[in-house]
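J.: A predicted structure for the sequence below; I have some questions about it.
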Amino acid sequence: MTLVQNVAILFFFAFAFVIGLLAEYIPNLLVRRRPTPEKLAPFESGEDPVGGARVRFKAHYYIFAVAFITFDIVAVLAIPWATSWNMVNWNPVLLLFVSMLIVVFYYSLKGDLEWV
């Protein structure tokens with residue numbers, strides 16, 4: 001790339017940055033704020049808010065999500081990867097999948113998956 005092309009790209013990014021800043025800050029300068037208690041209250045789909053906004057998150061939902069994503073990655077990435085390389089030997093893919101099942105079985109024996 002030549003210097004002229006690099007400068008053109010630099011101007012393009014600078015222009016996009018300036019447009020983004022203008023889009024962010026000009027509306028804040030033009031609006032008149034009139035805060036009322038009703039406007040400052042949290043919106044709860046027409047319902048009166050009850051209790052605090054902080055709720056203790058249960059870890060077993062997180063564990064379930066991690067397990068789902070792990071198996072999903074195998075299904076979406078490893079199997080097409082194996083077929084794209086024309087692997088006659090499916091042993092590495094099956095070994096990965098079976099090893100994940102063994103890990104899940106280990107945690108179920110420990111009792112960490114009793115909530116499921």
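T.: Sure thing, it's come through.
J.: Tell me, how many residues neighbour Thr70?
T.: Neighbour count for Thr70, taken as other CB atoms under 10 Å: 13. Any C-beta I mention is one placed from the backbone N, CA and C, and that applies to glycine too.
J.: so what's it up against?
T.: Contacts for Thr70 (CB atoms under 8 Å, 6 or more residues apart in numbering) come out as Met100.
J.: Which helix or strand lies directly C-terminal to the lowest-mean-pLDDT helix or strand in the chain?
T.: Least confident helix or strand, the chain: helix 79-84 with a mean of 72, by mean pLDDT, DSSP states H and E. Downstream of helix 79-84, the next assigned helix or strand under DSSP states H and E is helix 91-110.
J.: how far out from the middle of the chain is that following helix?
T.: Distance of helix 91-110 from the chain centroid (CA atoms, centre = their mean, to the nearest Å) equals 25 Å.
J.: Please apply the same query to stretch 10-17.
T.: Centroid separation for stretch 10-17 versus its chain: 28 Å, with CA atoms, centre = their mean.
J.: Same check on stretch 1-20?
T.: Stretch 1-20 sits 30 Å away from the centroid of its parent chain (CA atoms, centre = their mean).
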